[in-house]
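Enquirer: sequence isn't available, so here's the structure alone:
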């Protein structure tokens with residue numbers, strides 16, 4: 001079995017396992033107490049905080065441990081917004097932030113605040129100029145991930161941080177995906193991360209608030225973790241998280257070279273081995289271990305099951321996964337194909353033989369799914385010189401399959417009108433046109449769902 005979903009959760013690092021076991025006997029007591037057991041627990045907690053702060057590049061008294069990365073994000077966003085409430089209630093986020101940031105933004109809107117969502121380009125990157133254009137006199141906080149969790153694209157954090165600093169606006173950086181590879185560059189104000197992303201135990205998050213940043217923790221007051229993370233600290237898990245972060249940092253430079261070569265091999269070979277594939281994300285400015293691609297005419301959930309049966313655990317941002325009936329918000333914001341999406345995220349220590357095995361298995365897995373789906377007979381009609389494809393009630397990738405089947409039946413310059421009530425069609429039909437060199441004319445309202453117009457270009 002090969003585990004290729006480290007962007008969701010990395011396997012527990014051996015150092016984390018050792019540190020966890022070693023600290024169970026010493027770190028169980030209340031670190032706030034003055035007796036011997038409490039002092040031992042406090043020493044472990046303080047040492048872990050210093051190690052984590054060194055890895056982040058901050059002062060130990062700027063860093064607190066939370067119960068998860070999500071909790072760190074929620075506490076960071078709400079505390080920074082509350083601390084600057086006199087300035088205003090405007091929040092800036094990118095359209096491809098992790099769901100924890102976007103959920104915080106939605107909560108802020110529901111409470112009467114305003115949110116600007118900055119668009120990204122087709123690689124998933126934001127433009128610093130777009131952040132500069134989003135800043136307002138009442139902007140209380142801006143948020144930007146250090147690197148994208150679905151496609152691996154690294155964001156221009158340092159440039160955006162400089163723009164925000166010049167405007168007097170704090171920048172919160174979600175560094176969950178990148179912290180294992182090195183500190184986040186730039187003059188950011190607030191940072192969050194999660195230990196299970198770098199091989200630490202789950203249930204440990206980091207929240208860093210720079211000195212001088214106005215910050216007002218929300219919720220009932222608590223004396224622990226500077227009042228920013230209520231509840232009894234899980235000291236053994238915290239010690240393991242800090243130890244594993246230090247360990248992966250020591251390996252990071254060598255691992256980055258290795259994993260970049262492996263992901264480059266996947267990026268280059270997949271389009272050669274599998275027809276009708278779009279590799280997404282920035283080809284150069286990206287994390288070492290993540291590569292993402294989408295396959296036309298493939299059900300994403302079915303493909304993941306096929307790969308799992310072949311011994312490969314991968315993830316997907318496809319609209320066809322069982323967890324959601326809508327496309328990944330990241331792929332949607334990028335304007336790329338969402339159907340048949342596969343994210344390969346290699347853990348530290350991934351070996352070349354497993355990557356070669358994956359590349360051997362993938363073509364027949366995709367072909368098998370396409371064969372099982374078949375090529376449904378499209379219900380077509382000609383109305384006013386427009387070929388109409390009725391795909392109502394059919395889910396991705398069927399509308400695109402039916403469009404592909406009939407595009408050759410219209411003359412060059414002719415129109416195909418695809419009727420669909422599947423949300424994914426709004427993204428996948430324009431993406432198919434981009435891949436196939438056809439002209440996407442646009443979307444029209446219909447009695448049910450929507451109508452998507454495509455002009456045959458050749």
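Expert: Yep, that arrived. All of these numbers come straight from a predicted model, not from anything done at the bench.

Enquirer: how close does the residue nearest to residue 197 when sequence neighbours are not counted sit to residue 337?
Expert: Among residues not flanking residue 197 along the chain, residue 176 sits closest, at 4.9 Å (CB to CB, 6 or more residues apart in numbering). Using the backbone N, CA and C atoms, a C-beta is placed for each residue, glycine as well. Shown here: residue 176 relative to residue 337, a distance of 25 Å by CB to CB, to the nearest Å.

Enquirer: please enumerate the helices of the stretch 151-300 of the chain.
Expert: Under the criterion DSSP state H, counting those that start in this stretch, helices of the stretch 151-300 of the chain are mapped to 157-167, 235-273, 300-309.

Enquirer: least reliable of the ones you listed by average pLDDT, please.
Expert: Out of these, helix 300-309 stands lowest, with a mean of 92 (criterion: mean pLDDT).

Enquirer: of all the helices of the stretch 151-300 of the chain, which one is nearest residue 370?
Expert: The closest of those to residue 370 is helix 300-309. By CB to CB, the value is 9.4 Å.

Enquirer: so which elements touch the helix or strand following the closest one?
Expert: Tracing the chain past helix 300-309, the next element assigned as helix or strand by DSSP states H and E is strand 312-313. In terms of contacts (3 or more CB pairs under 8 Å, 6 or more residues apart in numbering; DSSP states H and E), strand 312-313 is packed against strand 2-3, helix 352-373.

Enquirer: the helices of the stretch 151-300 of the chain into TSV, with extra columns for mean neighbour count?
Expert: Listed next are the helices of the stretch 151-300 of the chain as TSV, based on neighbours: other CB atoms under 10 Å:
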stretch	mean neighbour count
helix 157-167	19
helix 235-273	19
helix 300-309	20
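
Enquirer: dump the ones you listed to TSV, plus distance to residue 54.
Expert: Shown next, in TSV, are those (distance: least, CB to CB, whole Å):
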stretch	distance to residue 54
helix 157-167	20
helix 235-273	8
helix 300-309	39
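
Enquirer: quick one: which of these is nearest residue 78?
Expert: Closest to residue 78 of the helices of the stretch 151-300 of the chain is helix 157-167 (CB to CB; 18.5 Å).

Enquirer: what comes into contact with the closest one?
Expert: Outside helix 157-167, the residues within contact range by CB atoms under 8 Å, 6 or more residues apart in numbering are 126, 128, 131-132, 135, 139, 142, 144, 146, 170-171, 173, 184-189.

Enquirer: one more pass at 10 Å, please.
Expert: 92, 94, 118, 126-137, 139, 141-147, 156, 169-173, 175, 178, 184-189, 191 (CB atoms under 10 Å, 6 or more residues apart in numbering).

Enquirer: list the contacts of the residue nearest to residue 40 when sequence neighbours are not counted.
Expert: Ranked by CB to CB, 6+ apart and with sequence neighbours excluded, the top spatial neighbour of residue 40 is residue 26, at 5.0 Å. Residue 26 makes contact with 37, 40-41, 43-44, 235-236, 239, according to CB under 10 Å, 6+ apart.

Enquirer: phi first, then psi, for residue 26.
Expert: With angles defined as degrees, to the nearest 10, residue 26 sits at phi -110, psi -20.

Enquirer: likewise for the one 5 residues further on?
Expert: Here is the backbone geometry of residue 31 (degrees, to the nearest 10): phi -70, psi -10.

Enquirer: okay, now the domains of the chain?
Expert: 10-248, 251-373, 380-455 (automatic domain parsing).

Enquirer: nearest to residue 2, out of the ones you listed?
Expert: domain 251-373 (4.1 Å).

Enquirer: chain center to the helix or strand hosting residue 48, what's the gap?
Expert: Assigned by DSSP H and E, residue 48 belongs to helix 36-56. Distance of helix 36-56 from the chain centroid (CA atoms, centre = their mean, to the nearest Å) equals 30 Å.

Enquirer: after it, next one along is what?
Expert: Past helix 36-56, the next helix or strand by DSSP H and E is strand 63-66.

Enquirer: avg pLDDT for that next one?
Expert: Mean predicted lDDT for strand 63-66 stands at 98.

Enquirer: which other helices and strands contact that strand?
Expert: Strand 63-66 is packed against helix 36-56, helix 69-83, strand 190-194, strand 205-209, helix 235-273, with contacts defined by 3 or more CB pairs under 10 Å, 6 or more residues apart in numbering; DSSP states H and E.

Enquirer: now the longest one against helix 36-56, angle please.
Expert: Our comparison of helix 235-273 with helix 36-56, counting by axes from the mean of the first three to the mean of the last three CA atoms, to 10 degrees, yields an angle of 30 degrees.

Enquirer: pick the most deeply packed of the helices and strands packed on strand 312-313.
Expert: strand 2-3 (a mean of 19; mean count of other CB atoms under 10 Å).

Enquirer: pull up the pairing partners for it, direction included.
Expert: Using DSSP bridges, the strands paired with strand 2-3 are strand 312-313 (parallel).

Enquirer: off-centre distance for the helix or strand just after the partner strand?
Expert: As assigned by DSSP H and E, the chain's next helix or strand after strand 312-313 is helix 329-334. The chain centroid and the centroid of helix 329-334 are separated by 10 Å under CA atoms, centre = their mean.

Enquirer: and helix 329-334, what does it pack onto?
Expert: Here helix 329-334 touches helix 99-110, strand 114-118, strand 277-280, strand 290-295, strand 341-345, helix 425-436, going by 3+ CB pairs under 10 Å, 6+ apart.

Enquirer: relative to residue 219, which of the helices and strands packed on strand 63-66 is closest?
Expert: helix 69-83 (8.3 Å).

Enquirer: what about that closest one, distance to the chain center?
Expert: Relative to the chain's own centre, helix 69-83 is displaced by 18 Å; criterion: CA atoms, centre = their mean.

Enquirer: middle-most residue in this protein, spatially?
Expert: Among the residues of the chain, the one closest to the centroid is residue 149, at 2.5 Å (CA atoms, centre = their mean).

Enquirer: okay, now the residue lying closest to that residue once chain neighbours are set aside: neighbour count?
Expert: With CB to CB, 6+ apart as the criterion, residue 149 has its nearest non-adjacent residue at 5.2 Å, and that residue is residue 177. Other residues near residue 177 come to 26 when the count uses other CB atoms under 10 Å.

Enquirer: if we can go back for a sec, let me know the pLDDT of the residue nearest to residue 40.
Expert: Reported pLDDT for residue 26: 90.

Enquirer: point out where the stretch 301-450 of the chain drops to low pLDDT.
Expert: 318-326, 375-385 (pLDDT under 70).

Enquirer: at 80 what do you get?
Expert: Applying pLDDT under 80 to the stretch 301-450 of the chain picks out residues 317-327, 373-385.

Enquirer: quick revisit: now the helices and strands packed on strand 63-66 in CSV, with distance to residue 160?
Expert: Converted to CSV, the helices and strands packed on strand 63-66 look like this (distance: least, CB to CB, whole Å):
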stretch, distance to residue 160
helix 36-56, 18
helix 69-83, 15
strand 190-194, 13
strand 205-209, 17
helix 235-273, 23
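
Enquirer: picking up where we left off before, would you confirm that the residue nearest to residue 149 contacts residue 154?
Expert: Yes - using CB atoms under 10 Å, residue 177 makes contact with residue 154 at a distance of 9.2 Å.

Enquirer: all set now, cheers.
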